[in-house]
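Engineer: okay, here's the prediction I keep looking at, along with the sequence it came from:
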Amino acid sequence: MLHRLESPPVFRADLARSVRLFSAFRKEQTDPEFFYGVLARDTVGQLRSYTDLDGAMVLDVGGGAGFFGEALRAAGARVMCVDVDAGEMTWRTGKPPEGAVLGSALRLPFQTGSIDLCFSSNVLEHVPDPVAMAEEMVRVTRPGGTVFLSYTNWLSPWGGHETSPWHYLGGHWAARRYERRHGRRPKNLYGESMFGVSVATAVRWARHQRAAEVVDVLPRYLPVWTKHVVRVPVIREFLTWNLVLVLRKR
């Protein structure tokens, strides 16, 4: 039984939080339950700073095994999850998470304006057309609703995922190096299941978005005082690590 917190703690994007997240990140491969649990609870706190979750209809785009969905339900939200990969949805418990729908982020199987909060964590870099996915998230969100889109940008230290930092020498080269060293292809294969999305591309799309207004643009895991790095061309591509776009549907 999931219980909603009576008095949720105030979300603080401070240095201690960043240390906590990066420490948990080191266990992503060895203890995914721990890592994604920490990240999901932190994300709920971050989302609460932009919108009321109690009773909200939330769509988790690319929600996979349902870690975020569980944390959002504990916060009082009603959650639907869409993912294109049935294996990702079932690896954790052997069955899809509650509210799961098999479908593509590039063509979300939901009506226009039907969602209060459209949320996605670290999925945009895994689709061949990131702008199409972002547009779909805006489409299904109701007027006045919120879009929270977070992804790992290509030139960040973790841009190549498990092939990092060798992705700086080229995505295909990094994948070949990984295969030579580990005897298997990487899960995140450049040009097939991972693509090079820049900070500049996403920020430009958000600024020119007519159907929604920009509420916030910031590095997801870094302290709040690093927020202005996203305004500095080139440097932002390397220092952001993970970009968050928050938009409000017009």
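Structural biologist: Okay, I see it.

Engineer: the chain: helices as residue ranges?
Structural biologist: 15-25, 32-48, 67-74, 86-90, 130-140, 171-182, 199-207, 235-239 (DSSP state H).

Engineer: for the longest one, packing partners?
Structural biologist: In other words, helix 32-48. Counting contacts by 3 or more C-beta pairs under 8 Å, 6 or more residues apart in numbering; DSSP states H and E, helix 32-48 packs against helix 15-25, helix 67-74, strand 115-121. (Glycine included, C-beta is placed from N, CA and C.)

Engineer: out of these, deepest packed?
Structural biologist: Highest mean neighbour count among these (mean count of other C-beta atoms under 10 Å): strand 115-121, with a mean of 24.

Engineer: just the residues contacting it, thanks.
Structural biologist: 39, 43, 47, 51, 53, 56-62, 68, 72, 77, 80, 105, 133, 137-138, 140-142, 145-151 (C-beta atoms under 8 Å, 6 or more residues apart in numbering).

Engineer: then stretch 210-228?
Structural biologist: Counting by C-beta under 8 Å, 6+ apart, 13-15, 17-18, 21-22, 46, 50, 138-139, 141, 146-147, 150, 203, 206-207, 229-230, 239-250 sit against stretch 210-228.

Engineer: which parts of that stretch are buried?
Structural biologist: By 16 or more other C-beta atoms under 10 Å, the buried positions in stretch 210-228 come out as 212, 217-222, 226.

Engineer: model confidence for the residue sitting furthest away from the middle of the chain, exactly?
Structural biologist: Using C-alpha atoms, centre = their mean, the residue of the chain lying farthest from its centre is Arg180. It sits 29.7 Å away. As predicted, Arg180 sits at a pLDDT of 97.

Engineer: quick one: it and Met194, what's the gap?
Structural biologist: 18 Å (C-beta to C-beta, to the nearest Å).

Engineer: returning to what we had before: would you list the helices and strands packed on helix 32-48 in JSON lines and tack on mean pLDDT and distance to Pro186?
Structural biologist: Shown next, in JSON lines, are the helices and strands packed on helix 32-48 (pLDDT from 0 to 100; distance: least, C-beta to C-beta, whole Å):
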{"stretch": "helix 15-25", "mean pLDDT": "94", "distance to Pro186": "18"}
{"stretch": "helix 67-74", "mean pLDDT": "96", "distance to Pro186": "22"}
{"stretch": "strand 115-121", "mean pLDDT": "98", "distance to Pro186": "20"}
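
Engineer: compile the ones you listed into CSV and extend it with columns for distance to Ala175.
Structural biologist: Below are the helices and strands packed on helix 32-48 laid out as CSV (distance: least, C-beta to C-beta, whole Å):
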stretch, distance to Ala175
helix 15-25, 21
helix 67-74, 27
strand 115-121, 23
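
Engineer: which of the ones you listed sits closest to Ser164?
Structural biologist: Comparison of the helices and strands packed on helix 32-48 against Ser164 by C-beta to C-beta identifies helix 15-25 as nearest, at 11.9 Å.
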